[in-house]
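Asks: Sequence first, predicted model second:
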Amino acid sequence: MKNTFLALLLVTYNVTAQQESFEIADGVISHQDLFNTTMNQDVSCYRIPALTTAPNGDLIAAIDERVPSCGDLKWSKDINIVIRRSADNGKTWSAIEKIVDFPLGQSASDPSMIVDAITNEIFLFYNYMDLDKEKDVYYLHMVKSADNGKTWSQPEDITPQITKQEWHNDFKFITSGRGIQTRSGTLLHCMVNLNNGLHVFGSKDHGKSWFFIDTPVSPADESKIIELANGDWMINARANKEGKRYVHISSDEGKSWVTQPEPALIDPGCNASIVRYTSIEDGYRKNRLLFSNAKSEKDRVNMTVRISYDEGKTWSEGKTIYKGESAYSSMTIMENGDIGLFFEQDDYQKNTFVSFSLKWLTDGKDRYRKPRPRKN
């Protein structure tokens, strides 16, 4: 296996190249470290990656910029949300752009995104805290972009819409990474209250207002929701100290859930990513789901991507992207059909973007083909 690749590290749109040693798997089309502290000596670390494909095909990679320390929201008075954008399927990237930046003492953390394919808006969610005035009180915010991530709205506090008043002092947060839009146009996302379980929230009016489903789901820490081919909702959940993922399925739009462990998806208790690759309904030949995580029961190592052809009932063994220290991950599907993966690497020292084809992921057994035109 080749262990050394030429990594393009773009600090601005001007091309600046430097060599780094990686142990990324052979067959990966491109890879580069998008955020690390050598880019800004004032930043202690970058953490919590989120990745999506904008309506125009651009990639947006969002992450925490943790200034005084690498600590989470309740331990840091200066965390900002920053992004980089790519207009060429991840080959080159824009400079780091700060899109959420509060005064010292107020912090924003854990970005996640939903793309509305009907209105072409991007919603970016994060968790907020004023450590000087209300330490340990979590608020849930949103900003949005109508121009593919080039500019963003002012922050909106949606806490009253998606939580209960009696939860004011509870440890609650919107899970990082991404939410979804269902086939009917509804936006869906996950919010965790560590005292009361995971809850689904969403919007039926393209983000003008948000609803909250008061049905707790457990066990479920940071989790991801997807829509299955039959219209059911499925949550793939982090379950700490279990050594595996849990799956929760609802056939009544979140009013009730059927819960089961997923022993095939071993997991050390870490944030993961699950996305739809293709669906027959959209004109593709197969239904395909993708799942990425640190494939290990105890340690955050071995970043791996798997594929399912039966809506998550079974999964491939997967392909290892990186054998070393690996933590949170976020995936997206690019316009050319390749898969983009953005993950934390080497004890949060790097935040690496990689891209690869379906053909590589499946050892040549499957490949991307454009969808067939739908009959009217």
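Replies: Noted; the coordinates are in hand.
Asks: Let me know the pLDDT of His31.
Replies: On pLDDT, His31 comes in at 85.
Asks: hmm, I was thinking of Ala95
Replies: So, for Ala95, pLDDT stands at 97.
Asks: State whether it is indeed within a helix.
Replies: No - according to DSSP: H, G, I helix; E, B strand; the rest coil, Ala95 belongs to no helix; its state is coil.
Asks: Make 30 the first number, not 1, from now on.
Replies: Fine by me, first position is 30 from now on; the one you just mentioned is Ala124.
Asks: which helices and strands sit right next to the host helix or strand of Lys127?
Replies: When elements are assigned from DSSP states H and E, Lys127 belongs to strand 126-129. Packing partners of strand 126-129 (3 or more C-beta pairs under 8 Å, 6 or more residues apart in numbering; DSSP states H and E): strand 108-115, strand 168-174. No exception for glycine: its C-beta is placed from N, CA and C like everyone else's.
Asks: State which strand of this protein is the longest.
Replies: strand 348-362 (DSSP state E).
Asks: in its sheet, what does the next helix or strand after that strand sit against?
Replies: Beyond strand 348-362 on the C-terminal side, the first helix or strand identified by DSSP H and E is strand 368-374. Next to strand 368-374 in the sheet, as set by DSSP bridges, lie strand 348-362 (antiparallel), strand 379-385 (antiparallel).
Asks: If you tally nearby residues, what's the number for Glu195?
Replies: Other residues near Glu195 come to 8 when the count uses other C-beta atoms under 10 Å.
Asks: Three-state assignment for the nearest residue to Trp104 once chain neighbours are set aside, please.
Replies: Excluding the flanking residues, the one nearest Trp104 by C-beta to C-beta, 6 or more residues apart in numbering is Ser98, at 6.8 Å. Recorded secondary structure, Ser98: coil (three-state DSSP).
Asks: What is the burial count for Ser98?
Replies: The number of residues near Ser98, taken as other C-beta under 10 Å, comes to 13.
Asks: cool, the one 10 residues further on as well?
Replies: Residue crowding around Ile108 was assessed by other C-beta under 10 Å; the count is 32.
Asks: give the contact list for it.
Replies: 93-96, 102, 136-138 (C-beta atoms under 8 Å, 6 or more residues apart in numbering).
Asks: got it, and Thr81?
Replies: Per C-beta under 8 Å, 6+ apart, neighbours of Thr81: 88-89, 142-144, 151, 207, 361.
Asks: Same check on Ile254?
Replies: By C-beta under 8 Å, 6+ apart, the neighbours of Ile254 are 208-209, 217-219, 229, 262-264.
Asks: before we move on, back to that, could you identify the most distant pair in the contacts of Thr81?
Replies: Leu88 and Ile143 (15.3 Å; C-beta to C-beta).
Asks: Pairing partners for the strand holding Lys127, with directions?
Replies: Counting by DSSP bridges, strand 126-129 is paired with strand 108-115 (antiparallel).
Asks: Kindly export the partner strand (C-alpha atoms) in CSV.
Replies: What follows is strand 108-115, C-alpha atoms only, in CSV (Å, rounded to 0.1, in the frame of the first residue of the first chain):
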residue,chain,number,x,y,z
ILE,A,108,-15.9,28.5,19.9
ASN,A,109,-17.0,29.7,16.4
ILE,A,110,-18.5,27.9,13.4
VAL,A,111,-16.2,28.1,10.3
ILE,A,112,-16.6,26.6,6.8
ARG,A,113,-14.7,25.9,3.6
ARG,A,114,-16.3,25.5,0.2
SER,A,115,-15.3,23.6,-2.9
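Asks: So which bits of it are buried?
Replies: For strand 108-115, burial by neighbour count (16 or more other C-beta atoms under 10 Å) applies to 108-115.
Asks: got these as a markdown table, with distance to Ile77 and pLDDT columns?
Replies: Output for these, formatted as a markdown table (distance: C-beta to C-beta, whole Å; pLDDT from 0 to 100):
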| residue | distance to Ile77 | pLDDT |
| --- | --- | --- |
| Ile108 | 9 | 98 |
| Asn109 | 12 | 98 |
| Ile110 | 9 | 98 |
| Val111 | 11 | 98 |
| Ile112 | 12 | 98 |
| Arg113 | 14 | 98 |
| Arg114 | 18 | 98 |
| Ser115 | 19 | 98 |
